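Q: What follows is a predicted protein model with its sequence.
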Amino acid sequence: MKIKTIALTIGGGVVLGAALYATSFYAPTKVLDSYKKIDQVVTPATSTASVVDGVQSATTPVPFVASHLQTPVPLKAVYISSWVAGSRLRRERIVNLIDTTEINAVVIDVKDSTGHISFPVTDARLVKENTAQKRITDIREFVKELHEKNIYVIARIAVFQDPVFVVNHPELGLKMKSDTTKLWKDSKKIAWLDAGSKDVWDYVLAIAHEAYTVGFDEANFDYIRYPSDGDLKNIYYPLSHDKIRAEVVNSFFQYVHENLEDKEMKTSADIFGLTTTEKGDLGIGQILENALAHFDYVAPMVYPSHFAHGTYNIKDPATHPYEIVKTSMGKAVARAMKNDIDRKKLRPWLQDFDLGAIYTSEMIRAQISATYDVGLDSWMLWDPANNYTKEALFDDASASTEFATHTPVLPTFSEPIPPSTSTSKIN
């Protein structure tokens, strides 16, 4: 039996200024036992009817039972958008890719940066907010199909960039300092929620719970930060004013952990690639150690094209995928180990799209090799168009053989570890 995992997500990293977009080691043996169903969630289903002796009668509603899978080791995922997930024809292409390669997970958009939830909901609060759309009309059946193929399913949830929820609750949105009656918008004309709002936190957790009830195995949180682009000097923060950004974001991290730790649902966080090597919070509230402390997995978005020219003394980072990923993830591993944190919590987002260079199968594979060479074995591929390069992927047997050729050199981190808070204060 082939073991597969699926996670659905959206990339939340963008260039910040010019620079930001960014245990033992073992062979990747796929253990069937690790895919056993670990729990079941029962939710109401539509009533059915039966015919007995020619007489139709109502029967007891048949409950929907959501099963869940344990996280595969190693995890190798691809992202698919809610629109692709909602199309049987288009998603079948992704499933076929998984069936024939080493990929074993997918990240699916449950709430993307448009602010809309991608399938009809049952939670009373979410129903009241009216932010759900019918992009994936058969979400329960689709997740069940994936699980039957032993594919692990991850729900991507964009958090603070949300132009829909903010319309319902404008008091929770970032405002223009020049006119606090108007919502502030970033360079893409998208509104943001104040990261310090507990009401927003509860809304996001309700979405995570909803995803779990339909069968998602993991909640992946993206855009868990303050804005990085647009007229940043003209932002008024109604709930975070005069606070430390990293402290506010870390409070959200802790809140997620405290409210989901008693659930079987795993959690993961997408963070900027430069958090792996930079001190402080990059002006957006993200610090690597804070994320590692509160999430089961942390996914730095180390897309080489998103690093500024000259980063790590590399003139053109997009054309040096191995060096960028090895440097950034090597520092991440070293920082995790220095803080006695399991390095296996790290699983980077890697680039499978053309930006800064035409990305060949060799360039995609170079990123995977760099991941292995710093002592990691899990990774996720991002392509916003969901057109993945099959030539960059191996079948299961070949992937295991290739993995064994790597002799990881675990990096050390001799520099001072960044503090848990930052001097990035909101004025």
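A: Great, that's in hand.
Q: would you list every one of the helices in the stretch 251-400 of the chain?
A: Using DSSP state H, counting those that start in this stretch, the helices of the stretch 251-400 of the chain run over 288-294, 321-338, 361-373, 396-403.
Q: Could you check the angle the third one makes with helix 396-403?
A: Just to be clear, that refers to helix 361-373. 60 degrees (axes from the mean of the first three to the mean of the last three C-alpha atoms, to 10 degrees).
Q: Just checking: what are the partner strands of the host helix or strand of residue 219?
A: Residue 219 is part of strand 218-222, with elements assigned from DSSP states H and E. Looking at strand 218-222 with DSSP bridges, its partner strands are strand 152-158 (parallel), strand 266-272 (parallel).
Q: quick check: angle from the last one to helix 321-338?
A: In this case it means strand 266-272. 120 degrees.
Q: Give me the contacts around strand 266-272.
A: With contact meaning C-beta atoms under 8 Å, 6 or more residues apart in numbering, strand 266-272 is reached by 9, 11-13, 16, 20-22, 71, 154, 208, 217-225, 228, 253, 256-257, 260, 282, 284, 286, 288, 291, 294-301, 347, 349. Heads up, the C-betas are built off the backbone N, CA and C, glycines and all.
Q: what does stretch 75-85 give?
A: Residues from elsewhere that reach stretch 75-85 (C-beta under 8 Å, 6+ apart): 5-11, 90-91, 94, 97-98, 102-110, 112, 118-119, 135-136, 142, 152, 154, 156, 347, 378-384, 386, 388.
Q: Next step: those restricted to strands.
A: Judged by DSSP state E, the subset of those located in strands is 6-8, 105-110, 152, 154, 156, 379-382.
Q: Could you point out which of the helices of the stretch 251-400 of the chain sits nearest residue 166?
A: Evaluated over these, closeness to residue 166 peaks at helix 288-294, with 24.3 Å, by C-beta to C-beta.
Q: So which bits of that closest one are buried?
A: 288-294 (16 or more other C-beta atoms under 10 Å).
Q: what about the stretch 201-350 of the chain, any weak spots by pLDDT?
A: Along the stretch 201-350 of the chain, segments meeting pLDDT under 70 are nowhere present.
Q: Next, please give the residue ranges for the strands of it.
A: All strands of the stretch 201-350 of the chain, identified by DSSP state E, counting those that start in this stretch, fall at 218-222, 235-236, 266-272, 297-301, 349-351.
Q: Just send these back as CSV, with mean neighbour count and distance to residue 193 too.
A: Formatted as CSV, the strands of the stretch 201-350 of the chain follow (neighbours: other C-beta atoms under 10 Å; distance: least, C-beta to C-beta, whole Å):
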stretch, mean neighbour count, distance to residue 193
strand 218-222, 28, 13
strand 235-236, 19, 12
strand 266-272, 25, 17
strand 297-301, 26, 21
strand 349-351, 27, 23
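Q: out of those, which comes closest to residue 187?
A: Here strand 235-236 is closest among the strands of the stretch 201-350 of the chain (C-beta to C-beta), at 12.6 Å.
Q: Give me the contacts around the closest one.
A: Against strand 235-236 from outside (C-beta under 8 Å, 6+ apart): 174-177, 180, 184, 227.
Q: circling back to that earlier point, wait, which of the strands of the stretch 201-350 of the chain is closest to residue 247?
A: Between these, strand 266-272 lies closest to residue 247; by C-beta to C-beta that is 16.2 Å.
Q: I am finished for the moment; much appreciated.
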